[in-house]
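Asker: Sequence and predicted structure are below.
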Amino acid sequence: PQIEQSTMELMNRLLEKLRPPPNFDLAQWADEYRRLSPEAAAEPGRWRTDKAPFQREIMRAISDPHVRKVVVKSCAQIGKTDGLIMNTIGYYMHWRPCGMMMMQPTISMGEEMSKTRLDSMLRDSPCLSELVDRQGRRSGNTIMYKKFPGGYLRITGANSTTDLAGRPIKVLLADEVDRYPISAGEEGNPLLLAEKRQTTFWDRKTVVVSTPTMKSTSRIEVEYQNSTMEEWNVPCPQCGKLQPFTWAYLKFDKENPQDVRYECCHCGYPGEECF
């Protein structure tokens with residue numbers, strides 16, 4: 001019997017929904033789908049991982065199904081939140097929908113993050129804007145809760161004991177953990193409380209990022225010491241050997257601050273642009 005055209009179109013739409021996502025890692029997803037907003041980036045438009053190549057392997061680790069936890073201890077303003085938190089949210093919303101939580105140091109900081117970076121990403125990245133209804137009154141979405149097909153995102157503060165003891169989550173994104181309070185009320189370490197919500201998921205993912213503060217009290221230092229402690233390495237333009245940037249090899253004259261060199265720890269080559 002002949003199948004009507006409308007039935008064929010319906011079947012094609014259903015099969016398209018069942019199509020598995022491309023085998024992209026997080027960095028490839030961001031390069032293809034992420035769009036930076038004018039109010040949240042100095043250079044709005046398409047995301048380009050090549051502009052921050054040190055983020056590539058970190059993002060690949062986040063999307064690696066065999067990696068359960070990624071810890072990033074780094075200096076400020078190198079794209080930790082945009083590259084490693086926001087991209088991960090978009091990646092899981094689009095291709096791996098599930099329950100997620102983004103935790104900021106305080107509830108007010110979570111609200112600000114949602115209103116500025118998150119809402120602008122959802123608005124300007126076409127693949128995400130169609131997933132989250134930010135306008136409908138019946139959508140159930142609020143500043144601190146975003147619902148999408150197959151999952152949700154809860155935004156909270158490390159000082160909120162109620163949210164930290166709520167429903168199970170698969171993905172935990174902990175931003176600037178060195179600014180978290182020592183205890184969430186009387187419940188204890190907020191990071192450990194949030195991680196307990198992942199125990200039922202065999203494929204859970206935890207991303208912990210922060211700029212370190214005092215070493216003796218630094219939460220990110222503890223997390224880093226319990227990790228593989230991998231470092232970003234760069235090749236010397238002279239001998240080609242890889243090495244991490246280290247303060248001891250940065251040479252400068254206090255009388256002439258414009259004269260700055262970075263010496264290769266292997267051959268002593270004085271690079272003028274830190275390689």
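Answerer: Sure thing, it's come through.

Asker: pLDDT of the lengthiest helix in the chain, averaged?
Answerer: Scanning the chain for the longest helix, with DSSP state H as the assignment, gives helix 5-18. What helix 5-18 shows for mean pLDDT is 81.

Asker: now stretch 48-56
Answerer: In this model, stretch 48-56 carries a mean pLDDT of 93.

Asker: Show me what counts as buried in that stretch.
Answerer: T49, Q55, R56 (16 or more other CB atoms under 10 Å). To be clear about C-beta, it is placed using only N, CA and C from the backbone, and glycine gets the same treatment.

Asker: go on, stretch 58-68?
Answerer: Residues of stretch 58-68 classed as buried: I58, M59, R60, A61, I62, S63 (neighbour count, 16+ other CB under 10 Å).

Asker: Equivalent analysis for stretch 153-166, please.
Answerer: Neighbour-count burial for stretch 153-166 flags L153, R154, I155, T156, G157, A158, N159, S160, T161, D163, L164 (criterion: 16+ other CB under 10 Å).

Asker: Let me know the closest of these to T217.
Answerer: A158 (14.7 Å; CB to CB).

Asker: quick revisit: in helices, which of the buried residues of stretch 58-68 fall?
Answerer: Under the assignment DSSP H, the buried residues of stretch 58-68 contribute I58, M59, R60, A61, I62, S63 to helices.

Asker: for those, which one is nearest P190?
Answerer: Nearest to P190 among those, with distances taken as CB to CB, is I62, at 21.2 Å.

Asker: Return the distance of the closest one relative to A184.
Answerer: The gap separating I62 from A184 is 25 Å, by CB to CB, to the nearest Å.

Asker: quick one on the thing from earlier: could I get the buried residues of stretch 58-68 in CSV, plus columns for distance to R96?
Answerer: Formatted as CSV, those follow (distance: CB to CB, whole Å):
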residue, distance to R96
I58, 18
M59, 14
R60, 15
A61, 15
I62, 11
S63, 9
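
Asker: quick one: low-confidence ranges for the chain?
Answerer: Residues of the chain that meet the criterion pLDDT under 70 lie in 1, 134-139, 273-275.

Asker: just how off-centre is the longest helix of the chain within its chain?
Answerer: Offset of helix 5-18 from its chain centre (CA atoms, centre = their mean, to the nearest Å): 35 Å.

Asker: likewise stretch 226-243?
Answerer: 22 Å.

Asker: residue ranges of the strands in the stretch 101-250 of the chain, please?
Answerer: For the stretch 101-250 of the chain, the strands defined by DSSP state E, counting those that start in this stretch cover 145-148, 151-157, 171-175, 205-210, 234-235, 242-243, 250-253.

Asker: Which elements pack onto the first one?
Answerer: Same thing as strand 145-148. strand 151-157 (3 or more CB pairs under 8 Å, 6 or more residues apart in numbering; DSSP states H and E).
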